[in-house]
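Participant: coords please:
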Amino acid sequence: MSTWIDAKITEEKERRESILRFKAAFESFLNELTPKLEAELKPFREHFPNDKVRWVPIFPGGIVELHHEFSAKTSATVTLSADAVRRLFLIRFSLSPHCSREIPAELVDGKLSLDLNAVGIPPGGLAEYILLPVLFPGLVNNPAALDNL
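Facilitator: Numbering: from 1, shown residues only. Just a heads-up that it's a prediction; the model follows:
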């Protein structure tokens, strides 16, 4: 067997292990983020009790969606997922695609760390950034609406 292929096999094993570590860190990150987002939803639910706001796990441990159903079967959705190969935390909005972001992420001491500055989200502003286009899609039609977070 060639030495170059042995080297590539070793590299590939390390790459795959790194992807698995990233996925595990993302799952832990979601487990910490979801209760924070849920706490932020409480006042919204109190003021708009007829709106249906619910979490939908799409892929256990990997992808989660928050659905907001309001007026005449209109629905706004945010999908939170990760791209472990490209090292990204992905936020996708159904009604406000211009707000969608790919946030650079890395593992720091086994935990997922997001580079919010790279996408213009201020420290501590992630929950607001995720929830605003889902809960108030009519207020973020202007691309500059999120500049004041």
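Participant: could you use CA atoms for every contact and neighbour count after this?
Facilitator: Noted.
Participant: quick one: average pLDDT of stretch 138-149?
Facilitator: Mean pLDDT, computed over stretch 138-149, is 61.
Participant: grab the longest strand from this protein for me.
Facilitator: Ordering each strand of the chain by length in residues (DSSP state E) puts strand 74-83 first.
Participant: can you list contacts of that one?
Facilitator: Here strand 74-83 makes contact (CA atoms under 8 Å, 6 or more residues apart in numbering) with 23, 26, 62-69, 88-95, 130, 133-135, 137.
Participant: what's the next secondary structure element after that strand?
Facilitator: Using DSSP states H and E, the next helix or strand after strand 74-83 towards the C-terminus is strand 88-93.
Participant: which strands and helices sit next to that following strand?
Facilitator: With contacts defined as 3 or more CA pairs under 8 Å, 6 or more residues apart in numbering; DSSP states H and E, strand 88-93 has these neighbours: strand 74-83, strand 101-108, helix 126-135.
Participant: report the inter-axis angle for the shortest one versus strand 88-93.
Facilitator: Meaning strand 101-108. Between strand 101-108 and strand 88-93, the angle formed by their directions is 150 degrees, by axes from the mean of the first three to the mean of the last three CA atoms, to 10 degrees.
Participant: who does strand 101-108 pair up with?
Facilitator: Neighbouring strands of strand 101-108 in its sheet, by DSSP bridges, are strand 88-93 (antiparallel), strand 111-114 (antiparallel).
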